[in-house]
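Enquirer: Here is a sequence together with a model predicted from it:
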Amino acid sequence: MKLRFPTILRIGILVLLIVFLVRPEWFEPVFRPLTQNNAPVIYNQGSLLTLTLLHLRTVAIATAGATIVAVALAILVTRSFGVEFLPLSRSLVNIGQTFPPVAVLALAVPAVGFGEKPTLIALFLYGLLPIFENSLTGLTTLPPTVTDAARGVGMTGWQRLLKVELPLAMPIILAGIRLSVTINLATATIGSTVAAKTLGEVIIAGLQSNNLSFVLQGGLIVGVLAVLIYDGLSAIESFISRRMGLLQQS
Amino acid sequence: MVVRLDKLGVVTALITGYAVAGAPFATFRANRIVAGEPQTLLAALPSWAGPTLLTIVALAVIIGLFRTPSTLRLAASFAALAALFLLIGTAAEHLTPPGNTYARVSPASGFWLLLFAFALLAADSLTRLRPTPLIRILVLILAGAFIGSVLVSGSWDKLSILKEYSARADNFWAEASKHVTLALGSLAAAVIIGIPLGILCHRVQKLRAAVLNVLNIVQTIPSIALFGIMIAPLGWIAANVPGAAEIGIKGIGMAPAFVALFLYSLLPVVANTVVGLAGVPAQANDAARGVGMTERQRLFRVEFPLAFPVILTGVRIVLVQNIGLATIAALIGGGGFGVFVFQGIGQTAMDLVLLGAVPTVLLAFAAAIILDAAVELSSPAHSRTSA
């Protein structure tokens, strides 16, 4: 594979991010102009690396759970057993998207307490919607010739699902997962308002002490992570669709 | 003959069964922040009301369980919802000792589950009836009028969320107007700037990728960080641009929140304008050119009307998103319903959290229904079938 400029740029940004997380004090001069009255320049109430890893873990757990449930539900409502739930599930997805993240987070607190749990619930719900919607689109817009052919060669329902329908819908499902990861990376920061250990802690500490340097550090790490992960998942996606495109051509 | 059960009816029945038998209907607390005592449905309601509610709920469950006509199911679920709404107020009245102003009664998990079960049944029957956009708005108005009249009648006054409200009624409306101003104002600004920008991006190929990439990156910045980052440039403007401070531009408060919401709103508006214009059929443009329309006429009479439903979809996304995001403004002193949410979290007073969260959810929900209806009314498929 030939390395092109955008790829080199991304690798550069990734290296910069890792260096910043491991040795944030090296960047002190960059952030110095943003602080006043000798306030600390680099976040000092915990390790940025640990917070980043916890942030990523929260997003990963929530997205994994959301993917399993959303894909299972999409499969269920596209089988003949669950087909009567299809219109309802569509409207529920629409309604669900109108719930603001802060409200979900705040309302989850009385049920499960402060900390990581309400954040996981909110992220799970927010992650569910794009993946479910995309899985549904992927499974309901398959070319009828393909499904007919699969039936014609005598495949059972399970075989059709696992060998034909899911592989063909995979690129669209992956696009949904990518969207949901990107949204959740940003939404997870709000989790820190209910005491979850995420990068939001850095931003909120900055807002409370009027320290712009903290706000920017937290925001930049999340933004860069989101861009890199979005691009990485896009690359995986186009790799898979390319492979399937080749299979279709041959 | 085999009686066939409705699958959703079975789900509703299971949830209802658990909510009535295994979950508390209301919670009684001696004051605002102590732990509550859960009360079952029959204990929470006066002797006439408990069995009445159970009968209505049971009837609605039975109607839901069998394959009955959608209109009947809708009526049954609405009746059950109305009974729940009315009687939760009665429960508060019943559980609060006379003259006690410290006691708090709030709906508990059983109530919320019943609400969820019948909202599910109502949503399902509404979906099956495929109401036209205008009917959907009518249902929304009727539901709003019902809740409004219950609020005005005072039968919810003993509920904890309304006690929180009555303690800060003036504040509530001030924050509500700030919330709506933030959400609608930033949307208006995004429409005024975003649609011309989208038209420009559609015309100038080179600009498109650059603008959309920048706006995409803005979306990846977490909202609380973007709100915070805006403090610096606006503070600088307020200090250095003559007249800026006089018109209310400040480093903290509504101005940075407004700018942050505006930046988040741009991407859906610009992207949908570009997609909408790109989707205009080439034949339509050719025909317009053929009859000798100028560029400007073509834009306003052909391209723009055809792209309008897609652009409106962008507006819907932005409005619902802004109503939700405006809660974050409270973190930088920008006001809005978020004030109550974050105060409530800080004091672990969940009634206060509800006072901020419930109006936000209702506002976002109403905005989604109204704009979905508007999108459907404006789309060509609809006007063709109704004409």
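Expert: Received, thanks.
Enquirer: what number of residues lie near the residue in the stretch 251-387 of chain B that chain A sits nearest to?
Expert: Closest contact between the stretch 251-387 of chain B and chain A, by C-beta to the nearest C-beta, is at B:G324 (2.9 Å). For the C-beta atoms, the positions are set from N, CA and C on the backbone; glycine is no exception. A total of 24 residues lie near B:G324 under the criterion other C-beta atoms under 10 Å in any protein chain shown.
Enquirer: by contact count, what packs against the helix or strand it falls within?
Expert: Per DSSP states H and E: B:G324 is located in helix B:304-325. Contact analysis of helix B:304-325 by 3 or more C-beta pairs under 8 Å, 6 or more residues apart in numbering or on different chains; DSSP states H and E lists helix A:101-112, helix B:169-203, helix B:254-278, helix B:350-378 as its packing neighbours.
Enquirer: Those into JSON lines, with extra columns for mean pLDDT, distance to B:G99 and mean neighbour count?
Expert: JSON lines is the format used below for the helices and strands packed on helix B:304-325 (pLDDT from 0 to 100; distance: least, C-beta to C-beta, whole Å; neighbours: other C-beta atoms under 10 Å in any protein chain shown):
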{"stretch": "helix A:101-112", "mean pLDDT": "81", "distance to B:G99": "28", "mean neighbour count": "22"}
{"stretch": "helix B:169-203", "mean pLDDT": "93", "distance to B:G99": "22", "mean neighbour count": "18"}
{"stretch": "helix B:254-278", "mean pLDDT": "90", "distance to B:G99": "42", "mean neighbour count": "23"}
{"stretch": "helix B:350-378", "mean pLDDT": "90", "distance to B:G99": "20", "mean neighbour count": "21"}
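Enquirer: how about these, which one is nearest A:I236?
Expert: Nearest of the helices and strands packed on helix B:304-325 to A:I236, taken as C-beta to C-beta: helix B:254-278 at 23.3 Å.
Enquirer: hang on, the earlier thing: if it's not too much trouble, I'd like the helices and strands packed on helix B:304-325 exported to TSV so that distance to B:E37 sit alongside each entry.
Expert: Rendered in TSV, the data for the helices and strands packed on helix B:304-325 read as follows (distance: least, C-beta to C-beta, whole Å):
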stretch	distance to B:E37
helix A:101-112	15
helix B:169-203	28
helix B:254-278	40
helix B:350-378	15
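Enquirer: Just give me the longest helix of chain A.
Expert: As assigned by DSSP state H, the longest helix anywhere in chain A is helix A:212-249.
Enquirer: ok so, going back, how many neighbours does the residue nearest to the residue of the stretch 251-387 of chain B closest to chain A when sequence neighbours are not counted have?
Expert: Closest residue to B:G324 apart from its sequence neighbours, by C-beta to C-beta, 6 or more residues apart in numbering or on different chains: A:P100 at 2.9 Å. Using other C-beta under 10 Å, A:P100 has 27 other residues around it.
Enquirer: tell me the pLDDT at B:P380?
Expert: On pLDDT, B:P380 comes in at 69.
Enquirer: re earlier: if you count contacts, what does the longest helix of chain A end up packed against?
Expert: helix A:5-22, helix A:28-31, helix A:48-78, helix A:166-187, helix A:200-208, helix B:205-220, helix B:223-229, helix B:231-240.
Enquirer: what inclination does that helix have with respect to helix B:205-220?
Expert: Interaxial angle, helix A:212-249 versus helix B:205-220 (axes from the mean of the first three to the mean of the last three C-alpha atoms, to 10 degrees): 120 degrees.
Enquirer: Can you list the buried residues in helix A:212-249?
Expert: Residues of helix A:212-249 classed as buried by neighbour count (16 or more other C-beta atoms under 10 Å in any protein chain shown): A:212-230, A:233, A:237.
Enquirer: go on, stretch B:68-79?
Expert: Neighbour counts over stretch B:68-79 (16+ other C-beta under 10 Å) mark B:R73, B:L74, B:A76, B:S77, B:F78, B:A79 as buried.
Enquirer: still on that earlier bit, tabulate the helices and strands packed on helix A:212-249 (CSV), appending distance to B:G333.
Expert: Supplementary listing: those in CSV, determined by distance: least, C-beta to C-beta, whole Å:
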stretch, distance to B:G333
helix A:5-22, 30
helix A:28-31, 23
helix A:48-78, 25
helix A:166-187, 21
helix A:200-208, 10
helix B:205-220, 22
helix B:223-229, 10
helix B:231-240, 9
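Enquirer: Make CSV out of the ones you listed and add mean pLDDT, mean neighbour count and distance to A:L120.
Expert: Shown next, in CSV, are the helices and strands packed on helix A:212-249 (pLDDT from 0 to 100; neighbours: other C-beta atoms under 10 Å in any protein chain shown; distance: least, C-beta to C-beta, whole Å):
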stretch, mean pLDDT, mean neighbour count, distance to A:L120
helix A:5-22, 86, 12, 23
helix A:28-31, 79, 13, 31
helix A:48-78, 93, 19, 5
helix A:166-187, 89, 22, 10
helix A:200-208, 87, 24, 14
helix B:205-220, 86, 14, 21
helix B:223-229, 82, 27, 18
helix B:231-240, 77, 16, 30
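Enquirer: on that earlier part again, quick one: the residue of the stretch 251-387 of chain B closest to chain A and B:T360 touch, right?
Expert: Yes. Counting by C-beta atoms under 8 Å, B:G324 touches B:T360, with 6.8 Å between them.
Enquirer: Can you check which residues contact both of the two?
Expert: A:P100, A:V102, A:A103 (C-beta atoms under 8 Å, 6 or more residues apart in numbering or on different chains).
Enquirer: Tell me which residues touch the second one, please.
Expert: With contact set as C-beta under 8 Å, 6+ apart, A:V102 has these partners: A:I190, A:T193, B:G324, B:T327, B:I328, B:G338, B:V341, B:A357, B:T360.
Enquirer: just A:V146 next, same as before
Expert: A:V164, A:L168.
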